[in-house]
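S.K.: Build me a model from this:
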Amino acid sequence: MKFSVLIRLPLSKNTIIKEMEKAHIHTFGCQMNEHDSQRMAAILKREGYQLTDDIKDAGLVLINTCSVRENPENKVYSLLGRLSRIKRNKPDMIIGVAGCVAQQEGESILKRVKEVDMVFGTDNVFNLPTMITEVKQGKRALYTGWLPREKNIQNFIPDQELESGTVDGCKAYLAITKGCDNYCSFCIVPSTRGKLVSREKENILEEAGNLISKGANEIQILGQNVNSYRAGDAVFYDLLESLASLPDLKRLRFTSPHPNDWNNRLSDLMAAHTSICNHIHLPFQAGSDRILDLMKRGHTSKEFLEKVAYLKEKIPDISITTDVIVGFPGESEEEFKETLKIIELVRFSQIYAFKYSSRPGTKAAKMKDTVPRKEKENRLQQLLSIQEKIQSEILDQMVGTKQQVLIDSAHPKERGVMNGRSDNNFPISIVERSLEIGDLITVEITGRKKHSLTGTLINACI
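M.R.: Residues are numbered from 1 along each chain as shown. The predicted structure is shown next:
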């Protein structure tokens, strides 16, 4: 996705740029990458840059990258090829590569694409001003070293000069952890984002309070595995309960928990607090216990289903989304059918399904990839076909119900139509000119489109 944001901030005393220059940030990947891009945008604004949506108009272009799968990584190099051609006619343009591909590939990016001026990994966002200075002095910058834990935590805490986080409309991201210690055999995150680091509970709550005071009606807390959070004596349950109890916070979301660390106590907490949204993204990845073991997931399909059953018992209207990988090394046709069985049993509201692709440095990369590409594609299409039917049935069942909707944007094409999401995360459009971003309203669902709903305003909730 493309990401740019304007933030009104005072220039720092050591501002590098004497004249207003334009910068563009292009973001691939997850919400954590979007959050990192927001922080880069704030730093650039402080340093005298104006953010632009037009790459060709920018004097500085940053690509915030994702390497969880092969396809996003390929898109990064495709975009770099396009930027290289632009730079040949605009030699003063600065090109930077950030994020997971930068952390993974490091110096090889500088060698592979001579037009790239700086490469910096996930621990080095706050070195951005230094890197820009180095490039303007004729150097190429490479910052991919890991920071010690204390410094990493300090960089986690928003700089007061950066206004303690960014509110986009009425929503905000809040990162509580960085990195992961699970080492699933297919996952490159521990290599690109490092070991798990958790922020102190007190400064998380302080940032949340600042975000609320700046207009955040909904906060989404982020981490590669949020329920692995532990800082001092506080665990994820303690943090979630404290955040859910904050006055004036209308909605709280979190992503993504790991099934292995999820428990019924957390389900009870979700049920007890109306501010915690009735939606959970709980990746199960595969239905076969043998494949789950090869993936180093730490749980069985039975354990996953038991936790889901308890969630549904406690929160009947909960929406559950998930991640699935098809064609993992050694996956048989029968094992793939076990994945389909879980899809049909749980009836996820949405799934993010992918063909397995080998990631360098992971344990799975050493396994023999025995499933042909064509077979992976066939399995993916089977899975998506079943899920399409389930999702369609779920949307049909929503018609006629009443839903609480937080308005978060105007419809990009239809005048007088506002968009929002229900508590359980379904996208809903409402024809009502009087609505504003941040309104929390009650809506009757009157119809549906392919993957979304339409509704009519009943009354304003707050």
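
S.K.: Asp408 should be in a strand, yeah?
M.R.: Yes - the assignment for Asp408 (DSSP: H, G, I helix; E, B strand; the rest coil) places it in a strand.

S.K.: helices and strands of the protein: which one bottoms out on pLDDT?
M.R.: When the helices and strands of the chain are compared on mean pLDDT, DSSP states H and E, strand 2-3 comes out lowest with a mean of 38.

S.K.: Tell me the first helix or strand C-terminal of that strand.
M.R.: Per DSSP states H and E, the first helix or strand lying C-terminal to strand 2-3 is strand 21-27.

S.K.: which helices and strands sit right next to that next one?
M.R.: Contact analysis of strand 21-27 by 3 or more Cβ pairs under 8 Å, 6 or more residues apart in numbering; DSSP states H and E lists strand 2-3, helix 31-46, strand 49-51, strand 60-65 as its packing neighbours. C-betas here are computed from N, CA, C, even on glycine.

S.K.: got CSV for the ones you listed, with mean neighbour count too?
M.R.: Output for those, formatted as CSV (neighbours: other Cβ atoms under 10 Å):
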stretch, mean neighbour count
strand 2-3, 16
helix 31-46, 22
strand 49-51, 19
strand 60-65, 26
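
S.K.: so which of these gets nearest Ile212?
M.R.: Closest to Ile212 of the helices and strands packed on strand 21-27, according to Cβ to Cβ: helix 31-46, at 16.8 Å.

S.K.: orientation of that closest one relative to strand 60-65 in degrees?
M.R.: Angle of helix 31-46 versus strand 60-65, following axes from the mean of the first three to the mean of the last three Cα atoms, to 10 degrees, is 160 degrees.

S.K.: which helices and strands does helix 31-46 pack with?
M.R.: So helix 31-46, by 3+ Cβ pairs under 8 Å, 6+ apart, packs with strand 2-3, strand 21-27, strand 49-51, strand 60-65, helix 99-105, helix 128-136, strand 171-175, strand 218-222.

S.K.: ok, and what's touching the last one?
M.R.: Right, strand 218-222. The contact list for strand 218-222 (Cβ atoms under 8 Å, 6 or more residues apart in numbering) reads 31-32, 35, 170-177, 204, 208, 211-212, 239-240, 243, 249-255, 406, 408.

S.K.: how about a cut-off of 6 Å?
M.R.: Residues from elsewhere that reach strand 218-222 (Cβ atoms under 6 Å, 6 or more residues apart in numbering): 31-32, 35, 171-176, 208, 211, 251-254, 406.

S.K.: Could you give the separation of that strand from the chain centroid?
M.R.: Put simply, strand 218-222 sits 10 Å off its chain's centre (Cα atoms, centre = their mean, to the nearest Å).

S.K.: Give me the buried positions along that strand.
M.R.: Neighbour-count burial for strand 218-222 flags Glu218, Ile219, Gln220, Ile221, Leu222 (criterion: 16 or more other Cβ atoms under 10 Å).

S.K.: Could you pull up the mean pLDDT of it?
M.R.: What strand 218-222 shows for mean pLDDT is 97.

S.K.: nearest to Leu110, of the buried residues of strand 218-222?
M.R.: Using Cβ to Cβ, Leu222 comes nearest to Leu110 of those, at 29.4 Å.

S.K.: Not counting its neighbours along the chain, what's nearest that closest one?
M.R.: Ala175 (4.7 Å; Cβ to Cβ, 6 or more residues apart in numbering).

S.K.: confidence score at Glu70?
M.R.: According to the prediction, Glu70 has pLDDT 80.

S.K.: wait, it sits on Lys355?
M.R.: No - using Cβ atoms under 6 Å, Glu70 makes no contact with Lys355, being 9.2 Å away.

S.K.: From the neighbour counts alone, determine which of the two ranks first.
M.R.: The residue with more neighbours, out of Glu70 and Lys355, is Lys355; 18 against 15, by other Cβ atoms under 10 Å.

S.K.: Phi first, then psi, for the more buried one.
M.R.: Main-chain torsions, Lys355, degrees, to the nearest 10: phi -80, psi 140.

S.K.: For it, name its beta-bridge partners.
M.R.: For Lys355, the beta-bridge assignment (DSSP bridges) gives partners Val326.

S.K.: returning to what we had before: between the helices and strands packed on strand 21-27, which one is closest to Leu266.
M.R.: Closest of these to Leu266 is helix 31-46, at 19.8 Å (criterion: Cβ to Cβ).

S.K.: ok now the closest one, how far from the chain's centre?
M.R.: A distance of 13 Å separates the centroid of the chain from that of helix 31-46, by Cα atoms, centre = their mean.

S.K.: In CSV, list the C-alpha atoms belonging to it.
M.R.: C-alpha atoms of helix 31-46 as CSV (Å, rounded to 0.1, in the frame of the first residue of the first chain):
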residue,chain,number,x,y,z
GLN,A,31,0.1,-2.8,10.4
MET,A,32,3.4,-2.7,12.2
ASN,A,33,5.0,-1.4,9.0
GLU,A,34,2.2,1.2,8.7
HIS,A,35,3.0,2.3,12.3
ASP,A,36,6.7,2.5,11.4
SER,A,37,5.9,4.6,8.4
GLN,A,38,3.8,7.0,10.5
ARG,A,39,6.9,7.5,12.7
MET,A,40,9.1,8.1,9.7
ALA,A,41,6.6,10.6,8.4
ALA,A,42,6.6,12.5,11.7
ILE,A,43,10.5,12.6,11.8
LEU,A,44,10.6,13.9,8.2
LYS,A,45,8.0,16.6,8.9
ARG,A,46,10.1,17.7,11.9
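
S.K.: Tell me where the model's unsure across the protein.
M.R.: 1-20, 149-164, 462 (pLDDT under 70).

S.K.: can you map out the helices along it?
M.R.: For the chain, applying DSSP state H gives helices covering 31-46, 70-88, 99-105, 107-112, 128-136, 149-156, 189-192, 201-213, 236-244, 264-272, 289-294, 301-314, 333-346, 373-398.
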